[in-house]
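S.K.: Sequence and predicted structure, then a few things I'm wondering about:
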Amino acid sequence: MRTRPASAAADTEEYGGERPSKTQLKQQAHELQTLGLALAALPEDRFAAIVMPERLREAIAEYRRTRSHEGRRRQMQYVGKCMRLADPAPLREAVAAYQLGSARETLALHEVERWRDELIADDGALDRWVQAHPDTDLQRLRS
């Protein structure tokens, strides 16, 4: 009968009796790499405002500077490795907040375009606009 090495016993205790499977570990690593890609895609000012370990910040900056496909792939694997040491929750929140803000801006733009088209095409649209937005300055809108 073989005994487990001490490191395997420690792993079992750490994960509450069962270690995650190799597939689960790979999925987690892939999710962290995907989050890393989302962080790398953020505008520089948003990226700079996020609190993260300096090692991760440098790894993402290096990914942004790398131009070759294989170099970027390898660097993203390194970003994923660095992300294992960071708490991904605030990073996910920062990416989600940026994406949600972008989606809101797009929706607002579509709404403005819809009203513009409606005001140009239909005379009754002005009355509907005033009903929907009672604080509108009609004199300015008509000019």
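M.R.: That came through, no problem.
S.K.: C-alpha only now, for contacts and for neighbours.
M.R.: Fine.
S.K.: what packs against the helix or strand hosting Gly71?
M.R.: Per DSSP states H and E: Gly71 is located in helix 69-83. When contacts are defined as 3 or more CA pairs under 8 Å, 6 or more residues apart in numbering; DSSP states H and E, helix 69-83 packs onto helix 22-41, helix 54-65.
S.K.: now the next helix or strand along the chain from that helix against helix 69-83, angle please.
M.R.: Proceeding N to C from helix 69-83, the next assigned helix or strand is helix 88-121, under DSSP H and E. Put simply, helix 88-121 runs at 120 degrees to helix 69-83, going by axes from the mean of the first three to the mean of the last three CA atoms, to 10 degrees.
S.K.: can you give me the angle helix 88-121 makes with helix 22-41?
M.R.: Going by the same axes, to 10 degrees, helix 88-121 makes 50 degrees with helix 22-41.
S.K.: any idea of the mean pLDDT for the helix or strand that helix 88-121 is followed by?
M.R.: Downstream of helix 88-121, the next assigned helix or strand under DSSP H and E is helix 125-132. What helix 125-132 shows for mean pLDDT is 84.
S.K.: now for helix 125-132, which elements pack on it?
M.R.: Using 3+ CA pairs under 8 Å, 6+ apart, helix 125-132 sits against helix 88-121.
S.K.: Glu54: neighbour count?
M.R.: The tally of other residues near Glu54 (other CA atoms under 10 Å) stands at 10.
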